[in-house]
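1. Got a predicted model here, sequence first, then my questions.
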Amino acid sequence: MKLSLAAMVTWFGLSLIGCGGPALDDTMAPEAEARTVSESGTCTAGLPSCSLYVNLRCTTPGATKECCNTTSQTTNSLICSGSASSGYRWLNY
């Protein structure tokens, strides 16, 4: 009985560790693709707004993502950076 209780508590504790919020894949989310900047700026149609990704979790350290800076209407890059202990996030590159 104690062994099964310990196993259940351990499983529950480990499941909480993995619940840090939804981690976005390094690919574009469908709703993000729909909200692109296509006005007559220098950003090309199809690029998502950088503000949709900055500080969101990412999974591949060193991965980059092209995006549109809606303030300056220029193309920017984001990089997946951080540490294994604190997690990886999209940052301005």
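-> Arrived safely.
2. Can you tell me the element Arg89 falls in?
-> Per DSSP states H and E, Arg89 falls inside strand 87-92.
3. all strands for the chain, in order.
-> Taking DSSP state E to define them, one finds strands in the chain at 64-69, 74-83, 87-92.
4. Buried ones in the strand holding Arg89, by neighbour count?
-> Under the neighbour-count criterion of 16 or more other Cβ atoms under 10 Å, strand 87-92 has 88-90 buried. To be clear about C-beta, it is placed using only N, CA and C from the backbone, and glycine gets the same treatment.
5. circling back to that earlier point, closest one to Thr42 among the strands of the chain?
-> Thr42 lies closest, by Cβ to Cβ, to one member of the strands of the chain: strand 74-83, at 5.4 Å.
6. Can you give the strand pairings for the closest one, parallel or anti for each?
-> Here strand 74-83 is paired, per DSSP bridges, with strand 64-69 (antiparallel), strand 87-92 (antiparallel).
7. avg pLDDT for that strand?
-> Across strand 74-83, the average pLDDT comes to 95.
8. What lies in contact with it?
-> 26, 41-44, 47, 50, 53-54, 58-69, 88-93 (Cβ atoms under 8 Å, 6 or more residues apart in numbering).
9. Give me the buried subset of the residues you listed.
-> 43, 47, 50, 53, 58, 65, 67-69, 88-90.
10. Make a markdown table out of these and add distance to Ser81.
-> Shown next, in a markdown table, are the buried ones among the contacts of strand 74-83 (distance: Cβ to Cβ, whole Å):
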| residue | distance to Ser81 |
| --- | --- |
| Cys43 | 23 |
| Leu47 | 20 |
| Cys50 | 15 |
| Tyr53 | 12 |
| Cys58 | 8 |
| Lys65 | 12 |
| Cys67 | 15 |
| Cys68 | 20 |
| Asn69 | 18 |
| Tyr88 | 7 |
| Arg89 | 7 |
| Trp90 | 8 |
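11. No further queries at this time; thank you.
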